[in-house]
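A.B. asks: using only what follows, build the 3D model:
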Amino acid sequence: MSAAPALDRPGPGDVELPVGTAGLRCWVAGDGVATLLLDRPERRNAVTGAMWRALPGLLAELAARPGVRVLLLTGAAGTFSAGADIAELAGVYGDPASADAYHAQNVAAEEALAAFPRPTVAVVRGACVGGGCQLAVACDLRLAAEDARFGITPAKLGVVYPAVPTVRLAALVGPARAKYLLFSGELLPADRAERYGLVEEVLPAAELAHRAREFARLLARRSPQTLGAAKAALAGPAETAAAALAPWERASRTAPDVREGLAAFLERREPEF
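C.D. replies: Next comes the predicted model:
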């Protein structure tokens, strides 16, 4: 396997978007794969209030770009994120209004990531802790290196997370395992996180970037219609799936994706969605 470029810097020809907020970078490759980077390596990519506030707008800008087919979320310098920037929290929790605003901006960022209309994949090395883990959980899928460590740590600080990320975690790993993570604050090694359902694939660190790029390119070649419908159907409780999926299903019957997909299958070629 040839060495893949690092995920934490743009490659030749990638278009970097102006972000305007320290700690975040974003670029889009010509194959439709966008990368959103948590970029505070000196603080293990801890997420500041400014970064939380900037994420919804940045995600909306990416969603509006028609060439974006997949989003990778990762961290700089071999670490995903150590979580929220603890240095900010003493001031935040000293005032109820500040704490309310802080929690609201966290939830808004995570909800914007969960609602992103194309597939999202967290690519994790090193620490993926607290608010960083919340962001990974808000993605559709997670790929991790063997050196990754996952933890939800509010019990170490006396913090109570909002309902939205707590319920999302339980939906992903199950109530008992969510309780284990929240009660203990322990860090799980990547192989155990995979057994918990917190991670879909674990790879040697040297192979993670290559696998992430190849998997993202594979998703970018799949039907946006089918992927969008699957996201809509699986975004909420089972009882809402039929209503969420119905418009997609009806539209698909006469949509270009179906005609192209069927034609490509019969012609024994790759479809061009």
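A.B. asks: going by C-alpha atoms from here, please, whenever you check contacts or count neighbours.
C.D. replies: OK.
A.B. asks: please enumerate the helices of the stretch 1-150 of the chain.
C.D. replies: Using DSSP state H, counting those that start in this stretch, the helices of the stretch 1-150 of the chain run over residues 49-64, 86-92, 96-114, 131-138.
A.B. asks: buried residues, the last one. List them.
C.D. replies: Spelled out, that is helix 131-138. 131-138 (16 or more other CA atoms under 10 Å).
A.B. asks: helices of the stretch 151-273 of the chain, start to end?
C.D. replies: Under DSSP H, counting those that start in this stretch, the stretch 151-273 of the chain gives helices at 163-173, 175-184, 190-196, 205-221, 224-234, 238-252, 256-267.
A.B. asks: can you say which of those is nearest to Arg125?
C.D. replies: helix 205-221 (7.4 Å; CA to CA).
A.B. asks: now Ala176: closest residue in space, sequence neighbours ignored.
C.D. replies: Distances taken as CA to CA, 6 or more residues apart in numbering put Ala170 closest to Ala176, at 7.9 Å, once the chain neighbours are dropped.
A.B. asks: ramachandran angles for the residue nearest to Ala264 when sequence neighbours are not counted?
C.D. replies: Spatial nearest neighbour of Ala264, chain neighbours left out: Pro271 (5.1 Å); criterion: CA to CA, 6+ apart. For Pro271, the backbone dihedrals (degrees, to the nearest 10) come out as phi -70, psi 150.
A.B. asks: residues contacting Pro271?
C.D. replies: If you count contacts by CA atoms under 8 Å, 6 or more residues apart in numbering, Pro271 has them with 221, 260-261, 263-265.
A.B. asks: do you know how far it is from Arg217?
C.D. replies: 14 Å (CA to CA, to the nearest Å).
A.B. asks: what of Thr254?
C.D. replies: With distances taken as CA to CA, Thr254 is found 26 Å from Arg217.
A.B. asks: okay, those two: which has more neighbours?
C.D. replies: Neighbour count, other CA atoms under 10 Å: between Thr254 and Arg217, Arg217 has more, with 16 against 10.
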